[in-house]
Structure formats: C-alpha cells, structure tokens
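Asker: Next comes the sequence, and after it the predicted model I'd like to discuss.
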Amino acid sequence: AQTIHQWPVAEIKAVGSPLSLGCTIKGKSSPNLYWYWQATGGTLQQLFYSITVGQVESVVQLNLSASRPKDDQFILSTEKLLLSHSGFYLCAWSLWGSYEQYFGPGTRLTVL
Amino acid sequence: AQSVTQPDARVTVSEGASLQLRCKYSYSGTPYLFWYVQYPRQGLQLLLKYYSGDPVVQGVNGFEAEFSKSNSSFHLRKASVHWSDSAVYFCVLSAMNYNQGKLIFGQGTKLSIKP
C-alpha cells in the first residue's frame, strides 16, 4: 500500500530564516506530486506540481521554490521566510492519467 | 471561469440527524468532482468522486453525493451523522489537464455535530 510522509510535522521559524519541508511517497512508481498551502481556516491553493524527477512547475508565486530530487521525494523551500508563509503545507500525489489526488498529513508552519 | 461555491461556511446538525452539504460548480467542460474531508490538524481524505454515469455516487462512512448537470451541483448527503463526522468538508473540481492536477477547491463547510 502507498504511504505519504511529510516532515517535519510542525515548524516555528523566524522571519527571514530559511525553510525546507519534505514529502516522500512510498509504494507508487512515478507519481505526479503537488504542494498546496492552506491558510488557517481557509481553503487550499496549489503551489507547485511535478510529473517527473527534476521537473517542477510553479502555479503561484509566493517566494517559495520546489524540487524533486528523487522519484518519491518532493521538497519545498525558501531562503527567506515571510510572515505570510505561515499556514499548513500539504503534499499530494496522483497517478498519471488520474484526476483524484491523495494528501499527506501536512506540516504546520508558524513564522514569527 | 472555473469555480466551486460552498454556500454554507458552517453547518450544525444533531447526532443521528440527516445531513446535506451544498456545492455548486462552474465549469464549461466535463466536470470531475470530489468531496474531501479534513479533520482538525490533519490532511485531506477523499470521501467520494464523480467522473460519469450514475449521478448518485457512494463514498466512505455512509456518505453519498448527487451530481446534477442542470443545476451545476454536487451535494453531499448522509442519512445519519455521528459525532466523529465533525470536520471541514471541501467540494473540489478537477479541471482539464490532469497532469497539472488543477484542483479547484470550495471554501469548505465546517460541520459540527450536536450531541
């Protein structure tokens, strides 16, 4: 069975500090991968998607970047955090040709 | 334009009562529709999906949804709610270009269950 793991579970960071969030999917070969951001009490906004290793497309510009160094790994990062980066970050996967997505447990980020 | 509207930000029902959460979508193409549930401080779980065929689709934990093309709606229903159903429910539309995985989310409906 496939599993999706996100790390860390939660982070408290200072404005201006760097950030790296990770996501790993096990049990699925060559999944499409996605990063979403959710403001507290809000809806979800897609940030990035990737259909293959080394290839990442940006959907919105939020001073964040993403990379896919391995088939099963997706990384979200920034060199300088803003207060507006606070929220809940969710990784998701889907199979090529499929419309539904499956979400990870999320990482809660608080920027102070 | 593609959009999803959940007109009720909050819904409160008594345990054991029936439930309907409303969802309206706007999309010119063939809609692929989903309901996801988010429990507090957790990720989203897929409840059910509609691609085509029978307009009433069954999901997990006794949930079902009915698709209506004429009304552009995809309402979620449950015959008898349990306290554990307390969560936020998102109606979601998948636009074309599935590789991008463009999901359009409604604003969510927070469901509270009264004992």
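Answerer: That came through fine. Predicted model only: the values in this text are computed from it and were never measured.
Asker: Tell me which stretches of chain A form strands.
Answerer: A:3-7, A:10-13, A:19-26, A:32-38, A:44-52, A:55-58, A:65-70, A:73-78, A:87-94, A:102-103, A:107-111 (DSSP state E).
Asker: Could you check the angle the third one makes with strand A:73-78?
Answerer: Here the directions of strand A:19-26 and strand A:73-78 differ by 170 degrees (axes from the mean of the first three to the mean of the last three C-alpha atoms, to 10 degrees).
Asker: before we move on, what about the last one?
Answerer: Note on geometry: by the same axes, to 10 degrees, strand A:107-111 and strand A:73-78 are set 10 degrees apart in direction.
Asker: Using PDB, list the CA coordinates for strand A:107-111.
Answerer: Presented in PDB, the C-alpha positions along strand A:107-111 are these (Å, rounded to 0.1, in the frame of the first residue of the first chain):
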ATOM      1  CA  THR A 107       3.200  20.400   8.000                       C
ATOM      2  CA  ARG A 108       2.100  23.300  10.100                       C
ATOM      3  CA  LEU A 109       4.400  26.300   9.800                       C
ATOM      4  CA  THR A 110       4.400  29.300  12.100                       C
ATOM      5  CA  VAL A 111       6.500  32.300  11.100                       C
END
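Asker: circling back to that earlier point, want to throw the strands of chain A into CSV with distance to residue B:113 and mean neighbour count?
Answerer: C-beta here means a position set from N, CA and C on the backbone, and glycine is covered the same way. Output for those, formatted as CSV (distance: least, C-beta to C-beta, whole Å; neighbours: other C-beta atoms under 10 Å in any protein chain shown):
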stretch, distance to residue B:113, mean neighbour count
strand A:3-7, 28, 16
strand A:10-13, 27, 14
strand A:19-26, 32, 17
strand A:32-38, 23, 24
strand A:44-52, 24, 20
strand A:55-58, 40, 14
strand A:65-70, 38, 16
strand A:73-78, 34, 19
strand A:87-94, 23, 24
strand A:102-103, 23, 21
strand A:107-111, 25, 18
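Asker: Hmm, residue A:105 is touching residue B:43, no?
Answerer: Yes - assessed by C-beta atoms under 8 Å, residue A:105 is found in contact with residue B:43 at 4.7 Å.
Asker: Out of the strands of chain A, which is closest to residue B:90?
Answerer: strand A:44-52 (7.4 Å; C-beta to C-beta).
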